[in-house]
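**Student:** Based on what follows, work out the 3D shape:
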Amino acid sequence: QVLLVESGGGLVQAGGSLRLSCAASGRTFSNYAVGWFRQATGKEREIVAAISRSEGRIYYADSVKGRFTISRDNAKNTVYLQMNSLNSEDTAVYYCAADPFFRVTVSGYTYWGQGTQVTVSS
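**Tutor:** Alright, predicted model coming up:
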């Protein structure tokens, strides 16, 4: 079992930045790939970024390339999502999820956090 807790969400003005954290406890975190996802009101959940166990592979959705950066610190059991140049379309609940395998789809991730709200005001 892996317990994931997101933090760092909040209200930010367009053009601003936020850093989300996904803290893990339970099994050895370095054995899991981690993805960040978001779900806006009335829309399906979508993947934002993903990082493999050793940072060898990283994926970004086209909508966030060049603005968001995913990273991990296995010593701290934490994965980060640095979000810059935020706009209103980034408003959503952001979730992190973990799985032994690197995936770039929503389906297949085994463990999910509860989510953190990000609201970008224009």
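**Student:** distance of the residue most central in space within the chain from residue 122?
**Tutor:** Geometric centre of the chain, nearest residue: residue 36, 2.3 Å, by Cα atoms, centre = their mean. Taking Cβ to Cβ, to the nearest Å as the measure, residue 36 falls 23 Å from residue 122. The way it works is simple: take the backbone N, C-alpha and C, and place the C-beta from them, glycine included.
**Student:** can you check residue 42 too?
**Tutor:** Remark: distance between residue 42 and residue 122 (Cβ to Cβ) = 18 Å.
**Student:** Pick out whichever of those two has more residues nearby.
**Tutor:** residue 122 (9 against 5; other Cβ atoms under 10 Å).
**Student:** now for stretch 109-122, what's the gap between its first and last residues?
**Tutor:** Using Cα to Cα, to the nearest Å, the end-to-end distance of stretch 109-122 comes to 33 Å.
**Student:** can you list contacts of that stretch?
**Tutor:** Residues outside stretch 109-122 that contact it (Cβ atoms under 8 Å, 6 or more residues apart in numbering) are 1-14, 16, 18, 20, 22, 32, 35, 38-39, 83, 86-100, 103.
**Student:** buried stuff in that stretch?
**Tutor:** 109, 111, 112, 113, 115, 116, 118, 120 (16 or more other Cβ atoms under 10 Å).
**Student:** Also stretch 5-22?
**Tutor:** For stretch 5-22, the neighbour count (16+ other Cβ under 10 Å) marks 6, 8, 9, 12, 18, 20, 21, 22 as buried.
**Student:** Now do the closest residue to the fifth one other than its chain neighbours: how many residues are near it, please.
**Tutor:** Same thing as residue 18. If the residues on either side of it in the chain are set aside, residue 18 comes closest to residue 83, at 5.0 Å by Cβ to Cβ, 6 or more residues apart in numbering. By other Cβ under 10 Å, 25 other residues sit near residue 83.
**Student:** which phi and psi does residue 83 have?
**Tutor:** phi -120, psi 120 (degrees, to the nearest 10).
**Student:** Equivalent analysis for residue 44, please.
**Tutor:** phi -80, psi 160.
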